[in-house]
Each structure stands twice: as C-alpha cells, then as structure tokens.
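> no sequence for this one, just the structure:
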C-alpha cells in the first residue's frame, strides 16, 4: 500500500519532533540538577556567613602593670604613721652634731648622683640592710632624669627642722633640696635610727606642715 506524500511528510515531521523533544528532556535533566546543587551551595554559604557574624567574640584583657610614683622610689621603708606616733620637734641645737652631719652627708650623696652619675653605695655602718638593698643605680637614674629636666642642677641640701619619736629614738631630718632652677620645691627626708644608721630616705614636694 502506497502512503500519500502529504501523510508521509507529516508523519516524518511528527516523528522528528517527538525524538527531539525526548532528547531535549534528556539533556535538560543534568542542567536542572546542577542548578539545584548550585542553589543549595549558595544557601549553605549564606547560612554559615550569618552564623559567623552572629557569633560572640570573647577577648581577654591583659592587666597593665603599674609602677610606683617617681617621688617614692628612693623610700626604702614606710615611715611610721604620724597619727600613731607623737613626734617631738627638736631644736636644731639640741640634735647630736655627729648624727646631724651624718644625715646631711648621706642625704647629699644621694642627690649628688644626679650631677656626677656615680653613686657610692652605703655601708652597713651607714645604713640598714633594707636601705642598702633598696637604693639602686637604676632607681636613682630614674629620679635624676626627671629632676634634671624640671629643676636643673642639684646644688645642696639645707636642714630646716628635726623630729624625734620618743619611743624608739628615731630622728627625722627634713632637708630642703636646692637646685639651679628656683621653681624647685623639694624635700629630702632622712630618718636615722637609734643605732645612728639611715633607716629610711624619702623625696617629696616640700610642705611646711610636718
């Protein structure tokens, strides 16, 4: 049986379209899967990014080490609190001349270091062990650097008044430190114990009231 030409034409066209349609479906399927995988990867990345942004960051603050004031570096021992001890003011003429001279020479030796950059350490006959161990060239250098900057060259110390603790016979000598710059208003306080040794040395701003 011979098929008409028009019918054969439409049959071939229909068959070709059917095959093409099936082939296209076959080719699109992997692309759809790849697209879905890409979309899933994007969603996962966004989720991780949001989680990282919302995570709380905990930091540990390192404590800053502080150092004592420059005015207190020389001091080797804390003085007895004045409100607990009744100090008696002594006349300068009533103080032992030998001890007064010793307090002056040892106190001046401390501040003279700022001019010479050399310090002769105290001996066991001049000061207590705690004073000897506490006064170092590093501490003196720190003080001298500041004093030279603000007060100029050290000239001398001048004894102004003395106080004594009647209980342990400790005597405090208050010297006014003199510098080339007149703006200086410093005190050097030297404490001598009953053994005639320096038991404390302290620098501070001069205040008339003890």
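Structure's in. What do you need? No experiment lies behind these values; they were computed from the predicted model shown.

> what's next to the longest strand along the chain, contact-wise?
Using DSSP state E, we find that the single longest strand of the chain is strand 154-165. Residues from elsewhere that reach strand 154-165, judged by CB atoms under 8 Å, 6 or more residues apart in numbering: 80, 85, 87-90, 92, 95, 100, 104, 107-108, 111-112, 114-115, 147, 170-180, 188, 210. The way it works is simple: take the backbone N, C-alpha and C, and place the C-beta from them, glycine included.

> Same question for stretch 105-121.
So stretch 105-121 is in contact with 74, 122, 126-127, 132, 135, 137, 140-141, 143-144, 147-148, 153-154, 156-157, 173, 175, 177, 188, 190, 198, 201, going by CB under 8 Å, 6+ apart.

> Tell me where this structure is predicted with low confidence.
Counting by pLDDT under 70, the chain shows low-confidence ranges at 1-84.

> repeat that with 50
Counting by pLDDT under 50, the chain contains low-confidence ranges at 2-3, 7, 19, 21, 23-28, 53-73, 75-81.

> can you pull out the strands in it?
88-90, 154-165, 170-179, 186-192, 198-205.

> could I get those strands as TSV with mean neighbour count?
Below are the strands of the chain laid out as TSV (neighbours: other CB atoms under 10 Å):
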stretch	mean neighbour count
strand 88-90	13
strand 154-165	18
strand 170-179	21
strand 186-192	22
strand 198-205	19
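
> what pairs with the longest strand of the chain, and is each one parallel or antiparallel?
strand 88-90 (antiparallel), strand 170-179 (antiparallel) (DSSP bridges).

> JSON lines for those, including distance to residue 161?
Output for those, formatted as JSON lines (distance: least, CB to CB, whole Å):
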{"stretch": "strand 88-90", "distance to residue 161": "7"}
{"stretch": "strand 170-179", "distance to residue 161": "5"}
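
> Among the ones you listed, which comes closest to residue 206?
Among the strands paired with strand 154-165, the nearest to residue 206 by CB to CB is strand 170-179 (5.9 Å).

> so the closest one versus strand 198-205, what angle?
Interaxial angle, strand 170-179 versus strand 198-205 (axes from the mean of the first three to the mean of the last three CA atoms, to 10 degrees): 40 degrees.

> can you map out the helices along this protein?
5-54, 97-116, 129-134, 137-151 (DSSP state H).

> Would you quantify the distance from the closest residue to residue 176 other than its chain neighbours to residue 124?
Leaving aside its chain neighbours, residue 176 sits nearest to residue 158 (4.9 Å; criterion: CB to CB, 6 or more residues apart in numbering). The gap separating residue 158 from residue 124 is 28 Å, by CB to CB, to the nearest Å.

> cool, residue 185 as well?
The separation that residue 185 has from residue 124, given CB to CB, amounts to 34 Å.

> Would you mark the buried spots in stretch 114-126?
114, 119, 122, 126 (16 or more other CB atoms under 10 Å).

> mind giving me a markdown table with those residues and columns for distance to residue 164?
A markdown table is the format used below for the buried residues of stretch 114-126 (distance: CB to CB, whole Å):
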| residue | distance to residue 164 |
| --- | --- |
| 114 | 29 |
| 119 | 28 |
| 122 | 22 |
| 126 | 20 |
